[in-house]
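[1] Show me the folded form of this:
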Amino acid sequence: MSRPLHRGLSCGNGKLSGGSCGGDSFDKSYQHKVFSKNGFGIEHSSSFGASRNRPSLTLTLLKIGLALILFTAVLGSFYWIAYISSSSRATIFRGYRRLQEQLITDLTVVGDLSNGAGKLKELEFCPQEDENYVPCYHNISEISDSEEVERHCVRGSTEKQGCLVLPPRNYRIPLRWPTGRDFIWKDNVKITGQEFSSGSLTKRMMVEEDHISFRSDSLMVDGVEDYSHQIAEMIGLRNESNFNEAGVRTVLDIGCGFGSFGAHLFSKHLLTMCIANYEASGSQVQLTLERGLPAMIGSFSSKQVPYPSLSFDMVHCARCGIDWEKKDGVFLVEVDRLLRPGGYFVWTSLTNTHRSLRHKVNQKKWNLVHDFAENLCWEMLSQQDETVLWKKTSKKKCYSSRKAGPPFCGKSHDIESPYYQPVNPCIGGLRSQRWIAIETRTPWPSRANLNSAELSIHGVHPEDFAEDSLYWNVEIRNYWSLISPLIFSDHPKRPGDEDPSPPFNMLRNVLDMNSLFGGFNAALLEAGKAVWVMNVVPTNGRNYLPLIFDRGFIGVQHDWCEAFPTYPRTYDMVHAKGLLSTHQQHRCSFHDVFLEVDRILRPEGWVIIHDSTPLIEALRSVATQLRWEARVVDLEANKDERLLVCQKPFFRKQLQ
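    Numbering: from 1, shown residues only. Predicted structure coming up:
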């Protein structure tokens with residue numbers, strides 16, 4: 001258990017501070033004992049001087065003792081040589097080699113972080129016009145809202161180095177969940193126009209004097225509820241409250257508007273991931289994240305989205321702007337890759353109405369989509385007004401009985417978690433052990449605890465899984481004991497709140513940079529925290545992202561040498577355990593990685609890094625140069641590892 005961060009802290013404002021706080025009691029509690037240069041204490045002895053006056057008998061006995069010691073040492077050496085000759089060399093030196101490799105890795109990362117700290121010494125704030133800067137997208141000032149932008153990342157570079165992205169001039173700390181789901185501050189996002197109450201059902205909002213409301217018009221709320229109820233009835237359910245019983249837990253919402261569909265489904269225990277193209281203004285992703293809902297920049301243009309195959313129970317498109325009939329139906333093939341067996345594809349479009357289908361052009365498009373979906377072994381369950389709903393088959397024999405349609409993927413292409421690879425016009429997943437119909441999966445929330453048979457699919461031993469779960473249940477309580485008193489005392493009131501809210505909902509959007517089994521996510525939910533977690537699986541580690549999705553969570557595969565596909569100021573907390581020490585290859589600068597973390601972290605947001613002591617000590621200097629308020633916390637149960645707990649300040653003086 002870590003020592004609580006607030007103990008010995010006497011700052012008046014209750015925030016973490018890099019300096020003393022009316023005394024040095026906190027810092028002194030973490031000071032180490034001082035040793036001599038070689039690491040040991042020094043003692044002076046005069047025994048040899050005294051021995052010169054002893055009788056010769058004592059000298060003789062001493063010589064005999066030394067001879068016996070020498071004889072014993074030689075005999076032991078012969079025994080050790082014999083042991084080596086009869087033992088496996090690999091077994092003897094395995095532990096030594098492992099320690100040597102870990103030492104080399106730690107020294108490499110420490111050097112990397114130290115060099116990064118030197119680079120960050122002169123770090124300044126970016127110009128105000130870069131407040132919504134998103135790396136990997138070029139010429140952002142020349143992009144129109146309707147133009148689709150291709151992602152283009154430069155490895156090991158965030159494209160604009162050497163400055164910290166500032167919030168907008170009139171930025172305000174978001175309202176706490178769940179109030180912030182329905183009201184956001186207007187100046188926190190980049191929008192154009194005064195009113196967005198028209199348009200698609202999921203893209204309605206009302207821009208008022210200082211905030212944007214998603215519940216100003218009752219038609220907005222009732223419309224989304226009626227729409228969700230309609231989809232449930234098309235599946236054959238009584239209402240949307242029965243989605244979970246039908247096996248629906250994770251939903252991919254393409255071109256999600258401003259997240260209203262996902263916001264409503266959240267109340268039904270469904271988790272919706274919004275993806276939309278990059279937009280310079282009025283971004284769907286930015287507004288959805290500002291509301292405290294899952295979203296990331298993603299495109300169906302030419303690359304596969306970085307999610308595993310067979311991972312979503314429903315894919316939804318409501319006027320999402322994709323021409324499904326183009327490119328020989330390859331976008332529908334990508335939907336098929338993402339859908340679990342028995343999953344649903346919901347397509348809502350003005351061209352689907354009976355009136356629109358009277359036109360020959362629309363009728364031709366509809367026929368192409370309908371026939372291609374049939375060749376994918378999708379069954380059209382229903383069509384009502386603008387909405388069409390298909391169900392993916394859970395029977396593999398359907399594919400062998402087809403007369404036409406996309407071919408099967410080869411073994412080299414049938415991968416579970418591609419990372420921005422070109423879209424493949426072939427059907428995959430049939431050989432996967434994860435080919436399990438959604439109706440037969442354990443309903444949520446029991447789904448989060450996989451049984452031994454399900455774990456074996458991912459090569460995970462039940463004992464390792466149970467140990468990971470137990471560890472994170474303890475750690476979450478520890479983390480909360482570190483930060484909740486500080487947040488509660490520092491912000492007793494939020495804009496719009498009459499009384500202080502309890503600390504349990506102080507965070508909403510959380511990003512885990514190195515998720516492993518998703519244990520951090522599971523422990524947060526088990527502790528009753530009102531959060532969702534973007535579980536990130538680094539591309540250079542073992543891929544457990546399919547397991548995370550099978551638990552009913554969401555996540556993405558990502559290379560941390562590249563910028564994360566999101567807008568600035570979109571996460572309340574960023575967490576990483578073991579990310580530095582598992583970075584086996586010196587492929588990019590870690591000071592650039594944490595400069596990117598600063599970009600996506602909200603003002604007054606938190607960073608918790610858990611790693612080996614030398615790496616934490618090196619990273620603390622980087623955090624200082626990033627202007628984070630940082631503290632290193634000792635771990636009582638593990639002296640070789642430490643926590644680095646940081647808070648990003650709200651630079652109000654810079655905004656005046």
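[2] Output the below-cut-off pLDDT ranges for the stretch 101-250 of the chain.
    Confidence mapping of the stretch 101-250 of the chain against pLDDT under 70 gives the ranges 101-122, 138-148, 155-161, 193-201, 216-222.
[3] hmm, 80 instead?
    101-123, 137-150, 154-162, 192-204, 215-222 (pLDDT under 80).
[4] next one: stretch 513-520 to chain centre, how far?
    Relative to its chain's centre, stretch 513-520 lies at 8 Å (C-alpha atoms, centre = their mean, to the nearest Å).
[5] as a whole number, average confidence for it?
    Average pLDDT, stretch 513-520: 98.
[6] same deal with stretch 330-343?
    For stretch 330-343, the per-residue pLDDT averages 97.
[7] Now do that stretch: everything it contacts.
    247, 252, 300, 304-305, 307, 309-315, 322-324, 345, 369, 372-373, 376, 378, 391-394, 406, 423-429, 435-439, 441 (C-beta atoms under 8 Å, 6 or more residues apart in numbering). To be clear about C-beta, it is placed using only N, CA and C from the backbone, and glycine gets the same treatment.
[8] Check stretch 348-362 too.
    By C-beta under 8 Å, 6+ apart, stretch 348-362 touches Cys317, Ala318, Arg319, Gln363, Lys365, Trp366, Gln383, Asp385, Glu386, Thr387, Val388.
[9] and if we set it to 10 Å?
    The set of residues external to stretch 348-362 that reach it, using C-beta atoms under 10 Å, 6 or more residues apart in numbering, is 200-202, 227, 230-231, 261, 316-324, 363-367, 369, 383-389.
[10] Narrow those residues to those that are buried.
    With burial judged by 16 or more other C-beta atoms under 10 Å, the buried subset of the contacts of stretch 348-362 is 200-202, 227, 230-231, 261, 316-320, 322, 324, 365-366, 369, 383, 386-389.
[11] who does the lengthiest strand in the chain pair up with?
    In the chain, assigned by DSSP state E, the strand with the most residues is strand 601-612. Partners of strand 601-612 in the sheet, by DSSP bridges, are strand 571-577 (parallel), strand 641-647 (antiparallel).
[12] For the last one, list the C-alpha coordinates in CSV.
    C-alpha atoms of strand 641-647 as CSV (Å, rounded to 0.1, in the frame of the first residue of the first chain):
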residue,chain,number,x,y,z
GLU,A,641,9.1,0.5,-7.7
ARG,A,642,7.5,3.9,-7.1
LEU,A,643,4.5,6.0,-8.1
LEU,A,644,4.8,9.3,-9.8
VAL,A,645,1.6,11.3,-9.2
CYS,A,646,1.3,14.5,-11.2
GLN,A,647,-1.4,17.2,-11.7
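[13] what residues go with each domain of this protein?
    The chain breaks down by the TED database into domains covering 128-165+442-648, 219-440.
[14] among the ones you listed, which is nearest Leu175?
    Between Leu175 and those, the shortest separation by C-beta to C-beta is 5.7 Å, and it involves domain 128-165+442-648.
[15] okay, how far is it across stretch 172-181, tip to tip?
    15 Å (C-alpha to C-alpha, to the nearest Å).
[16] What's the local residue count around Leu68?
    For Leu68, the count of nearby residues is 10 (other C-beta atoms under 10 Å).
[17] returning to that earlier point: any of the contacts of stretch 330-343 buried? List them.
    247, 252, 300, 304-305, 307, 309-315, 322, 324, 345, 369, 372-373, 376, 378, 391-394, 406, 423-424, 426-429, 436, 438, 441.
[18] what ranges of the protein fall below the confidence cut-off?
    1-123, 137-150, 154-162, 192-204, 215-222, 411-417, 484-506, 582-587, 637-638, 652-656.
[19] one step back: now tabulate the strands paired with strand 601-612 in TSV and tack on distance to Arg542 and mean neighbour count.
    Formatted as TSV, the strands paired with strand 601-612 follow (distance: least, C-beta to C-beta, whole Å; neighbours: other C-beta atoms under 10 Å):
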stretch	distance to Arg542	mean neighbour count
strand 571-577	15	23
strand 641-647	20	23
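[20] Compare those strands and give me the one nearest Ser400.
    For Ser400, the closest of the strands paired with strand 601-612 is strand 571-577, at 45.2 Å, according to C-beta to C-beta.
[21] Narrow the contacts of stretch 348-362 to those in strands?
    Assigned to strands by DSSP E, the following of the contacts of stretch 348-362 qualify: His316, Cys317, Ala318, Gln383, Gln384, Thr387, Val388, Leu389.
[22] Strands along the stretch 401-550 of the chain, start to end?
    509-512, 532-538 (DSSP state E, counting those that start in this stretch).
[23] And for the stretch 101-250 of the chain?
    124-125, 163-164, 183-185, 195-196, 205-207, 211-213, 250-254.
[24] can you pull the contacts of Asp323?
    Asp323 touches Phe331, Thr351, Lys365, Leu368, Val369, counting by C-beta under 10 Å, 6+ apart.
[25] residues contacting the fourth one?
    Read it as Leu368. Asp323, Trp324, Glu325, Lys326, Asp328, Gly329, Leu332.
[26] How about the third one?
    Lys365 makes contact with Asp323, Trp324, Glu325, Lys326, Ser349, Thr351, Asn352, Ser356, Leu357, His359 under the criterion C-beta under 10 Å, 6+ apart.
[27] Mind checking which of those residues are buried?
    Trp324, Glu325, Ser349, Thr351, Asn352, Ser356.
[28] State the distance from the fifth one to Arg204.
    Yep, that's Asn352 we're talking about. Between Asn352 and Arg204 the computed distance is 20 Å (C-beta to C-beta, to the nearest Å).
[29] next one: the second one
    In this structure, Glu325 and Arg204 are 28 Å apart, going by C-beta to C-beta.
[30] Please apply the same query to the last one.
    From Ser356 over to Arg204 the distance is 22 Å, taken as C-beta to C-beta.
[31] cool, and the third one?
    Per C-beta to C-beta, Ser349 is found 17 Å from Arg204.
[32] which residues in the stretch 201-350 of the chain form helices?
    For the stretch 201-350 of the chain, applying DSSP state H, counting those that start in this stretch gives helices covering 218-235, 260-266, 284-290, 330-338.
[33] out of the ones you listed, nearest to Glu124?
    So among the helices of the stretch 201-350 of the chain, helix 284-290 is nearest, using C-beta to C-beta, at 24.6 Å.
[34] what's the closest one packed up against?
    strand 183-185, helix 260-266, strand 271-276, strand 295-297 (3 or more C-beta pairs under 10 Å, 6 or more residues apart in numbering; DSSP states H and E).
[35] follow-up on the earlier one: ok, which of the strands of the stretch 401-550 of the chain comes nearest Ser401?
    Of all the strands of the stretch 401-550 of the chain, strand 532-538 comes closest under C-beta to C-beta, at 36.4 Å.
[36] wait, isn't Ala637 in contact with Leu643?
    No: in this structure, Ala637 is not within contact of Leu643 by C-beta atoms under 10 Å, at 11.8 Å.
[37] about what we covered before: need the winner for burial among the helices of the stretch 201-350 of the chain.
    Mean neighbours per residue, mean count of other C-beta atoms under 10 Å, is largest over these for helix 284-290, with a mean of 27.
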